[in-house]
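Chemist: Sharing a sequence plus its predicted fold:
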2 protein chains.
Amino acid sequence: MIKIAIDAMGGDNGASIVVEAVKKFLKDHDDVEFYVVGKKEELSDLGSAATIIDAKDVMGMEEGALDVLRKKESSMIKAIDLVSNNTCDGVVSCGGTGAFLTGATIKLKLIPGVLRAALVSPFPTLDGKGVTMLDIGANNENKPEHLVQFAHMGAIYSKCAMGVKDPKVYLLSNGAEDKKGSPVGKEANHLLREEKDICFEGNIEARYVLTGQADVVVCEGYPGNVMLKTIEGTANLFNAKIKGAFKKNFFTKIGYLFAKPGFDDFKKDLDYKKYGGAMLAGINGIAVKAHGNSNSYSFYHAIRVCYNMIKNDMVNKIKEAFVSE
Amino acid sequence: MIKIAIDAMGGDNGASIVVEAVKKFLKDHDDVEFYVVGKKEELSDLGSAATIIDAKDVMGMEEGALDVLRKKESSMIKAIDLVSNNTCDGVVSCGGTGAFLTGATIKLKLIPGVLRAALVSPFPTLDGKGVTMLDIGANNENKPEHLVQFAHMGAIYSKCAMGVKDPKVYLLSNGAEDKKGSPVGKEANHLLREEKDICFEGNIEARYVLTGQADVVVCEGYPGNVMLKTIEGTANLFNAKIKGAFKKNFFTKIGYLFAKPGFDDFKKDLDYKKYGGAMLAGINGIAVKAHGNSNSYSFYHAIRVCYNMIKNDMVNKIKEAFVSE
């Protein structure tokens, strides 16, 4: 039985979307058990479907590292504790990123040999197979050796989660040549060229990341975060403009009715919500951060990420890779 | 008469697209004169429409700073020289970015008081009014005081080129709070809060850059370059998927015929090619870098940027702002 801890509080849309997602996930899977942590009165709809653990405190979206240690009674810390005391195999939260990353790293601890944890997430690509990106914002600044480790963790994620046999790993840069990039990036490129166990293909520019050319894209946390949010912002712009185009007049509305099957595929292919959650890789446990503005559909998919990673034994795979190094 | 120097060589699509763009621009404007530099035999279609200056050498896409100084006979350097010797007011090139930025900075020199030049470009936004971004890749790394100067230059660009009266200036960061961002960004935020002459509104996340919230977004060169290219890559992904959606079957093709007027607006609103060229701000002259893969349409718009900036006396406006500081 797979056991997942859920922090039900702290998201923009309240605990109800979490309850809905958990119930649907239970309907679709018979090998999973949930421990849902939050204000009891907001979780009553769960009935006996999950173990409910009461927590009076909620971690605010902007709480820093010190608050995390202080707020022991928060739903977030209580949920993470369920993994650190081995009750659960993984935890999902839509609370604040900073607090969650700090809490998960302190409580679950880095895997021996791992210098730093990284946020990993897949993204849809033009060719449909998707690309795994890390670090997309767990760290502001990285050292070259961190990026080398991210490359290994990204390759493991790509194998486990995306089923890619020999993932092609690239390093985000401002040019394809080895000499391009930040000082950290240049040194990382140099170090990655020496790595035997991963298929490192060199630098990649942000414009080619979503083509499908790369299976894994390693980036420094800050540019990674910029890339992630730029994709989101550009996607929002295009989606709004597409909607506007079909709503222009009576005929374009008719056009939508005809074109709908094509655009249903479009939506399915580029469904960022389906990618639901980013995983914090490199710690002793599966910790998935859902978007703060998740609805029940995207929270469901964040749970799915956690579930798949537990099933694929991601933590042990990273352990093996880093111990043998 | 506005005099513009054109480096006709070095683009992916040869000199013919340049010739076509110049001819069309002359047809549309009667107050402009062109000095086109390149291999004479490839420019013969220009006839007597422009002054043709023969250059045997072409700057390669990957030439570095040292090559630039050495290749005195290249079309690029010869075109820049036309501005430094006051024959022309501005120069447009689709040659390699690195070489062009180095060449323009060395030959045209920084405006007194300006610490560093920055690449500036407007982008389309959801609300239609556009946003000015800088630095989008002239520098890999910046100091906080560079970013403060970029804010001033961006505000001047926004006033001159976009007609915004009191441009709202934001700083790209990984969170809206002042304490977010890289060490350089945090310090820049602090310094910008002290500036009286610009309307600094604080940090902005990449996801909100294309909404229209900001008139000017200041960013460090490397994340700026990532943002720019991510927008491009995401736009390519969406455009390909939209095409695919309409091509799915017979009915979706019919749908396109009905929806076309809406999508014509869509194309017009999000036409990145129309934004044609990025300008190098902070030097004594207007230097516009067109995309390496420009077609005649986007090269035309790169010329338009150069023309407008000359007409708006951008260089003198920056001079005034930086002398009075």
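Modeler: Thanks, I have it. Keep in mind that what you see is a predicted model, and the values were worked out from it rather than measured.

Chemist: Could I get the phi/psi values of residue A:100?
Modeler: phi -70, psi -40 (degrees, to the nearest 10).

Chemist: Surely it and residue A:79 touch.
Modeler: No - Residue A:100 is beyond contact range of residue A:79, at 9.5 Å (criterion: Cβ atoms under 8 Å). Backbone N, C-alpha and C define where each C-beta goes, glycine included.

Chemist: Would you mind listing the outside residues contacting whichever helix or strand residue A:320 is part of?
Modeler: Secondary structure from DSSP states H and E places residue A:320 in helix A:314-323. With Cβ atoms under 8 Å, 6 or more residues apart in numbering or on different chains as the test, helix A:314-323 has contacts from A:111-114, A:149, A:152-153, A:156-157, A:159-161, A:197, A:279, A:281-286, A:309.

Chemist: what mean pLDDT does it have?
Modeler: Helix A:314-323 shows a mean pLDDT of 90.

Chemist: Equivalent analysis for stretch A:120-129, please.
Modeler: Averaging pLDDT along stretch A:120-129 yields 88.

Chemist: Kindly export that stretch (C-alpha atoms) in PDB.
Modeler: Output of stretch A:120-129 as PDB, limited to C-alpha atoms (Å, rounded to 0.1, in the frame of the first residue of the first chain):
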ATOM      1  CA  VAL A 120      12.100  19.000 -10.900                       C
ATOM      2  CA  SER A 121       9.100  19.300 -13.300                       C
ATOM      3  CA  PRO A 122       8.300  17.900 -16.700                       C
ATOM      4  CA  PHE A 123       6.900  20.200 -19.400                       C
ATOM      5  CA  PRO A 124       5.000  19.500 -22.600                       C
ATOM      6  CA  THR A 125       6.900  19.700 -25.800                       C
ATOM      7  CA  LEU A 126       6.100  20.100 -29.500                       C
ATOM      8  CA  ASP A 127       6.800  16.500 -30.200                       C
ATOM      9  CA  GLY A 128       4.600  15.300 -27.400                       C
ATOM     10  CA  LYS A 129       7.200  13.500 -25.300                       C
END
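
Chemist: For the stretch 101-250 of chain A, which residues score under the pLDDT cut-off?
Modeler: For the stretch 101-250 of chain A, applying pLDDT under 70 flags no range at all.

Chemist: ok, and what's touching the strand or helix carrying residue A:20?
Modeler: Residue A:20 is located in helix A:16-28, with elements delineated by DSSP H and E. Counting contacts by Cβ under 8 Å, 6+ apart, the residues outside helix A:16-28 that touch it are A:6, A:8, A:11, A:32, A:34, A:36, A:38, A:42-43, A:45-46, A:49-50, A:94, A:294-297, A:299-300, A:303-304, A:307.

Chemist: what comes up buried for stretch A:309-316?
Modeler: For stretch A:309-316, burial by neighbour count (16 or more other Cβ atoms under 10 Å in any protein chain shown) applies to A:309, A:310, A:312, A:314, A:315.

Chemist: CSV for those, including distance to residue B:68?
Modeler: Shown next, in CSV, are the buried residues of stretch A:309-316 (distance: Cβ to Cβ, whole Å):
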residue, distance to residue B:68
A:309, 50
A:310, 55
A:312, 51
A:314, 49
A:315, 51
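
Chemist: ok, these vs residue A:231, which is closest?
Modeler: Closest approach to residue A:231 among these (Cβ to Cβ): residue A:309, at 22.2 Å.

Chemist: Per-residue pLDDT of the closest residue to the closest one other than its chain neighbours, please?
Modeler: Distance criterion Cβ to Cβ, 6 or more residues apart in numbering or on different chains; nearest residue to residue A:309, sequence neighbours excluded, is residue A:286 at 4.6 Å. What the model reports for residue A:286 is a pLDDT of 95.

Chemist: circling back to that earlier point, among the buried residues of stretch A:309-316, pick out the one closest to residue B:215, please.
Modeler: Distances from residue B:215 to these, taken by Cβ to Cβ, are shortest for residue A:309, at 42.7 Å.

Chemist: Would you point out which residue is most central in chain A?
Modeler: Geometric centre of chain A, nearest residue: residue A:278, 0.7 Å, by Cα atoms, centre = their mean.
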